[in-house]
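J.: task: produce atomic coordinates for the following.
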Amino acid sequence: MVYVQPFAEEMNKSRRMAALQSRALAEAGYAVLQVDLHGCGDSSGEFHEASWESWVDDVLMSARWLEASQGGPLVFWGLRTGALLASEAASRLGPDQRLLLWQPVTNGKTTLQQFLRLRAAADMGQSGGKGVVQQLRADLEAGAPVDVAGYRLAPAVALGLERARLGVTQPPGKVAWLEVSSRERAELLPGSASVVEDWRAQDVQLWPEVVNGPAFWQTQEIEDAPALLPATLAAADKLTQEATR
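T.: Predicted structure coming up:
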């Protein structure tokens, strides 16, 4: 199983949950590979030197290495924007790939817009934040990096994220779709339900589920979502049930 991290600060907020789940999967007999994408965490390079395409290549390289060294069924496990990268990488390896998606982002354009608004919020006290997002987008489209929330965002990442959509690449073979909500009787988010419906129409095997817990990838303090751990183990078994681990 190859874990694909989320974007920017969500990566840091999610490290504990990703580690807890990886240990639980390892104890259950799965080989899990966690890597920091180019320019992120402990990897080489700087964040502004990365590109969306280089991140897809990182995922593919990780998957090929793990498949060659471990054998067995390969699962791409993506969290938030990592789901977009995982889906794109999996589609390049051919049909019938397996995806384990945690709170997947379905539209990269929305995520980019929300990220750029962080800069507008930070500038609110100085210039009222008016026109900040439009100017940032103009800079990116002109080929210039922009600084947002402590990150220098390169056009090669931003524009790739903006184009990314879940469900537009070659459909996978099996998908476990797990979301977290603090509400009772929660359902999949509308955008998620739409992609699930489209994939089902294309004969993708799907196991969607919503478990109770906090939005750990964006909470102010580091938080756990304990119900997600056993749900993920059960989902992993469904994804790989045709082969012996």
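J.: flag the shaky bits of the chain, pLDDT-wise.
T.: 124-130, 242-245 (pLDDT under 70).
J.: quick one: the residue nearest to the spatial centre of the chain from Ala235, how far?
T.: Against the mean C-alpha coordinate of the chain, by CA atoms, centre = their mean, the closest residue is Gly82 at 1.9 Å. Using CB to CB, to the nearest Å, Gly82 is found at 16 Å from Ala235. All C-beta spots, glycine's among them, are computed from the backbone N, C-alpha and C.
J.: tell me how many other residues surround Pro190.
T.: Neighbour count for Pro190, taken as other CB atoms under 10 Å: 8.
J.: whoops, Glu221 was the one
T.: 7.
J.: which ones are touching it?
T.: By CB atoms under 8 Å, 6 or more residues apart in numbering, the contact set of Glu221 is empty.
J.: in this protein, which spans are helices?
T.: 9-27, 52-70, 81-92, 108-122, 124-127, 132-141, 155-163, 190-201, 228-239 (DSSP state H).
J.: what's the angle between the fourth one and helix 155-163?
T.: The one in question is helix 108-122. Interaxial angle, helix 108-122 versus helix 155-163 (axes from the mean of the first three to the mean of the last three CA atoms, to 10 degrees): 120 degrees.
J.: just the last one next, same as before
T.: Relative orientation of helix 228-239 and helix 155-163, computed by the same axes, to 10 degrees: 80 degrees.
J.: quick one: buried residues of helix 228-239?
T.: Leu228, Leu229, Ala231, Thr232, Ala235, Ala236, Leu239 (16 or more other CB atoms under 10 Å).
J.: okay, it in PDB with CA atoms only?
T.: This file holds the C-alpha atoms of helix 228-239, laid out as PDB (Å, rounded to 0.1, in the frame of the first residue of the first chain):
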ATOM      1  CA  LEU A 228     -11.400   5.400  11.000                       C
ATOM      2  CA  LEU A 229      -8.700   2.800  11.900                       C
ATOM      3  CA  PRO A 230     -10.800  -0.400  12.000                       C
ATOM      4  CA  ALA A 231     -12.900   0.800   9.100                       C
ATOM      5  CA  THR A 232      -9.800   1.200   7.000                       C
ATOM      6  CA  LEU A 233      -8.500  -2.300   7.900                       C
ATOM      7  CA  ALA A 234     -11.900  -3.800   6.900                       C
ATOM      8  CA  ALA A 235     -11.800  -1.800   3.600                       C
ATOM      9  CA  ALA A 236      -8.200  -2.900   2.900                       C
ATOM     10  CA  ASP A 237      -9.300  -6.500   3.200                       C
ATOM     11  CA  LYS A 238     -12.200  -5.900   0.800                       C
ATOM     12  CA  LEU A 239      -9.800  -4.300  -1.700                       C
END
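J.: which helices and strands does that helix pack with?
T.: Helix 228-239 makes packing contacts with helix 9-27, strand 98-102, strand 174-181, strand 205-212 when contacts are defined by 3 or more CB pairs under 8 Å, 6 or more residues apart in numbering; DSSP states H and E.
J.: go through those and pick out the most buried.
T.: strand 98-102 (a mean of 27; mean count of other CB atoms under 10 Å).
J.: ok, how many other residues are close to Asp57?
T.: Asp57: 15 surrounding residues under other CB under 10 Å.
J.: and for Gly191?
T.: Considering only other CB under 10 Å, Gly191 is surrounded by 15 other residues.
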